[in-house]
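# Predicted structure and sequence below. I'll ask about it afterward.
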Amino acid sequence: MTIVKMNAERQDVTALMAEIGRAARAAATKLAHTPTKQKDAALLAAAMAMRANVDDILNANAEDVADAVKNGLTPAMIDRLTLDVKRVEAIARALEDIAALPDPVGTKIAEWDRPNGLHIERVRTPLGVVGIIYESRPNVTADAGALCLKSGNAAILRGGSEALRSSKAIHASLIEGIVASNLPEASIQLVPVADRAAVGEMLRGLDGNLDVIVPRGGKSLVARVQDEARVPVFAHLEGICHVYVDGDADLDMARNIVLNSKLRRTGICGAAETLLVDEACAATHLKPLVEALIAEGCEVRGDTAAQAVDTRVKPATEEDWRTEYLDAIISVRVVKGVDAAMAHIVEYGSAHTEAIVTGNAATAARFLSELDSAILLHNASTQFADGGEFGMGAEIGIATGKFHARGPVGVEQLTSFKYAVRGNGQVRP
């Protein structure tokens, strides 16, 4: 390819993305004041279209999956990519769940009166135009678009090239719902090209038309977005999640939670990557937990204590404690009580999701209050780290930063606020 042709194509992408940005801004202006019923009608119509178009969606997805297998994508990535009738139905139900959520736009967060008679209200308002950059998961096309629409934001979706056909098919159903409800087609736009230059244009802010970016994908994608973005970013870099089995843990409960946390779906960010076991229960709990993991096909990499209970346990390296496997692999360490467990999590974790299994309420309270991860669970699987499981309908991603959006990013987290101040002629002296 000649340099001239490459430059021409880059200019084409720049022009395309600039137009997408302008259209999104115009749509966002309208969506900010769109009645709740109209937004909900669009989502419900999109859910109906999703079910009606299931064959088209699955055919498109089959082509994406075939290419993914041919190109050597990992089993975890292929699992994220693959759709079936059940998963398409789950996407449609998520749209209906989002429609059923309370509309956050215009709600009063707080209100108070000042001595001078001014009445002040803090009111939720949309962020504006939200860009979502994601990999592999075509369902994000529907979840992210729907959450943005419900919260009065325009969405610009840039899915991974490996799922482009699937995303286009899902997007087509969203547009059916939008058009049926007389909303701007640009309310939810899907970048139609796989060119990586489109990502660069989004990171530069689309001439000021993009208000926030949410990356959802692997470490390299999120790192690039966080390094290069000129607009605010809601993201997590890694999901190095822990399960700590305390000395007061019930063994059967611990076994169920550990297996589910690690193996229900190994490729999601809420999958547990490290198991910590209190030395107070290691004699009774460690061996059964390790054996249960191995019996289910999970590779275990452990410290000397874990290796001692089963010869199949491989030695864990320092790097293992810092690794998000996204696979059927887990690192196991014996620790001296909850303080040592929390110290390990602070040193090696990514502030995403941690779980404690214990029958001791005081120990659980310390774990939940003293750790600063975005999601903390007591006697429950880390795989509940999901907006849908939190009653948010779905999520646009998990955020681990210090912005107002932390944990699952749902409709409320996609709003900011403004102040409405009412007076009766007051002037400042």
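Perfect, thanks for sending it. Numbering: from 1, shown residues only.
# Burial check on residue 54, number of neighbours?
Neighbours of residue 54 under the rule other Cβ atoms under 10 Å: 19. The C-beta positions use only the backbone N, C-alpha and C, and glycine is treated the same way.
# Nearest spatial neighbour of it, chain-adjacent residues omitted?
Nearest residue to residue 54, sequence neighbours excluded (Cβ to Cβ, 6 or more residues apart in numbering): residue 88, at 5.1 Å.
# Span of stretch 397-404 from start to end?
End-to-end distance for stretch 397-404: 14 Å, by Cα to Cα, to the nearest Å.
# what comes into contact with that stretch?
Here stretch 397-404 makes contact (Cβ atoms under 8 Å, 6 or more residues apart in numbering) with 132, 144, 214-216, 232-237, 239, 269-270, 350-353, 373-375, 385, 405-409, 413, 416.
# what do you get for stretch 118-126?
Residues outside stretch 118-126 that contact it (Cβ under 8 Å, 6+ apart): 28, 31-32, 104-114, 151-153, 412, 414-423, 426.
# residues touching the residue nearest to residue 54, list them.
Residue 88 neighbours (Cβ under 8 Å, 6+ apart): 50, 51, 54, 57, 58.
# Restrict these to the buried ones and give me that as a ChimeraX selection.
Applied in ChimeraX, the following selects the buried portion of the contacts of residue 88 according to 16 or more other Cβ atoms under 10 Å:
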select :50,54,57,58
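# So which of the contacts of residue 88 are in helices?
50, 51, 54, 57, 58 (DSSP state H).
# Next, the contact list for the fourth one, please.
Contact analysis of residue 57 by Cβ under 8 Å, 6+ apart lists 50, 83, 88, 166, 169, 170, 173.
# Check for me that the third one belongs to a helix.
In other words, residue 88. Yes - using DSSP: H, G, I helix; E, B strand; the rest coil, the assignment for residue 88 is a helix.
# quick one on the thing from earlier: just the ones in strands from the contacts of stretch 397-404, please.
132, 214, 215, 216, 353, 375, 407, 408, 416 (DSSP state E).
# Mind putting these into TSV with neighbour count?
Output for the ones in strands among the contacts of stretch 397-404, formatted as TSV (neighbours: other Cβ atoms under 10 Å):
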residue	neighbour count
132	26
214	28
215	27
216	27
353	31
375	21
407	21
408	23
416	15
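# The stretch 251-400 of the chain: helices as residue ranges?
For the stretch 251-400 of the chain, the helices defined by DSSP state H, counting those that start in this stretch cover 251-263, 282-295, 304-309, 337-348, 361-370.
# and the third one, how far out from the chain's middle?
Helix 304-309 has its C-alpha centroid displaced from the chain centroid by 35 Å (Cα atoms, centre = their mean, to the nearest Å).
# List the buried residues of that helix.
Of all the residues in helix 304-309, those buried under the rule 16+ other Cβ under 10 Å are 305, 306, 307, 309.
# quick one: the last one and residue 272, what's the gap?
Computed as Cβ to Cβ, to the nearest Å, the residue 309 to residue 272 distance reads 19 Å.
# Same check on the third one?
Between residue 307 and residue 272 the distance, using Cβ to Cβ, works out to 19 Å.
# again with the first one
Between residue 305 and residue 272 the distance is 18 Å, computed by Cβ to Cβ.
# ok, now the second one?
Between residue 306 and residue 272 the distance is 15 Å, computed by Cβ to Cβ.
# again, but for residue 38
42 Å.
# okay, these two: which has more neighbours?
Neighbour totals were compared for residue 38 and residue 272, and residue 272 leads with 28 against 12 (other Cβ under 10 Å).
# which residue packs closest to the more buried one, ignoring adjacent ones?
Spatial nearest neighbour of residue 272, excluding adjacent residues (Cβ to Cβ, 6+ apart): residue 261 at 3.7 Å.
# Let's see the pLDDT reported for the one you found.
Listed pLDDT for residue 261 reads 97.
# one step back: hmm, which of the contacts of stretch 118-126 are the buried ones?
28, 31, 32, 104, 105, 151, 152, 153, 412, 414, 415, 417.
# now the second one, nearest residue through space, not along the chain?
When the adjacent residues along the chain are set aside, residue 31 lies closest to residue 152, with 4.8 Å between them (Cβ to Cβ, 6+ apart).
# residue contacts, the one you found?
By Cβ under 8 Å, 6+ apart, the neighbours of residue 152 are 28, 31, 32, 33, 34, 39, 105, 125, 126, 415.
# isn't the second one right next to residue 187, touching?
Read that as residue 31. Yes - between residue 31 and residue 187 there is a contact at 5.9 Å, judged by Cβ atoms under 8 Å.
# Overlap in contacts, the two.
Common contact partners of residue 31 and residue 187 (Cβ under 8 Å, 6+ apart): 149, 154.
# Outline the domain layout of the chain.
By the assignment in automatic domain parsing, the chain contains the domains 3-234+409-421, 241-384.
# just checking, residue 157 is part of a strand?
Yes - counting by three-state DSSP, one finds residue 157 located in a strand.
# residue contacts, it?
132, 134, 140, 141, 144, 145, 167, 171, 188, 189, 190, 191.
# change it to 7 Å
Shown in contact with residue 157 (Cβ atoms under 7 Å, 6 or more residues apart in numbering): 132, 141, 144, 145, 188, 189, 190, 191.
# what pLDDT does it get?
Looking at residue 157, the pLDDT reads 97.
# can you pull up the bridge partners for it?
Residue 157 forms beta bridges with residue 132, residue 190, as assigned by DSSP bridges.
# how far away is residue 199 from residue 240?
Distance of residue 199 to residue 240, computed by Cβ to Cβ: 25 Å.
# nope, residue 162 is what I meant
Distance, residue 162 to residue 240, using Cβ to Cβ: 24 Å.
# Those two: which is more packed in?
residue 240 (25 against 22).
# what's the more buried one in contact with, if anything?
Applying Cβ under 7 Å, 6+ apart to residue 240 gives the contacts 273, 322, 324, 348, 349, 350, 352.
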